[in-house]
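S.K.: A structural model of the following input is requested.
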Amino acid sequence: MPFQPLPEDQPSCTVACSACGHRWLVYEQQLGLLGSCPVCGAARPRYMGSVAPGSGRQVSFGRFRALLDEPRLLTLIGQALGLRPLGGERFADAQGREVPLEDVHFALQGNAGWQGQVYNLHMSRAR
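M.R.: Next comes the predicted model:
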């Protein structure tokens, strides 16, 4: 029988494909069951870490992407992570290296305070 999350469960772990670098959120219970990358099909993505535990305020990657036109989110990303927007969905660190959007999302979700700010921005827009 395939994994079926409970209604109150939320994806809380990030995995990455070692072949193409794609990252995505999964449920903790899926870590031992993961098969292949949804983008390139390579087997066995590696575990990258978890979002802030127990807060219940996770914002999915898709919803996070929808907030990228929000100036307050861009300010948070700049102040919290030291990143500057390059336009669209791209960010760069202080050395000018591009930082994958998935990494920006993961970093914000990994800190309960930042996660709460992103969640509040999402909820303000959803209302």
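S.K.: SS state for V15?
M.R.: Following DSSP: H, G, I helix; E, B strand; the rest coil, the label given to V15 is strand.
S.K.: what does P85 give?
M.R.: Here P85 is strand, with the state taken from three-state DSSP.
S.K.: show me what contacts it?
M.R.: Applying C-beta atoms under 8 Å, 6 or more residues apart in numbering, we find P85 in contact with L74, I77, G78, F91. No exception for glycine: its C-beta is placed from N, CA and C like everyone else's.
S.K.: want to throw those into CSV with pLDDT and secondary structure?
M.R.: Shown next, in CSV, are these (pLDDT from 0 to 100; DSSP: H, G, I helix; E, B strand; the rest coil):
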residue, pLDDT, secondary structure
L74, 95, helix
I77, 96, helix
G78, 95, helix
F91, 95, strand
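S.K.: Can you tell me which of the residues you listed lies closest to V118?
M.R.: I77 (9.5 Å; C-beta to C-beta).
S.K.: what's the neighbour count on the closest one?
M.R.: 22 (other C-beta atoms under 10 Å).
S.K.: Which residues does the one helix or strand in the chain whose mean pLDDT sits lowest contact?
M.R.: Every helix and strand in the chain was compared by mean pLDDT, DSSP states H and E; the lowest is strand 46-50, with a mean of 74. Residues outside strand 46-50 that contact it (C-beta under 8 Å, 6+ apart): S12, C13, T14, V15, A16, S18, R23, E28, L31, F106, G110.
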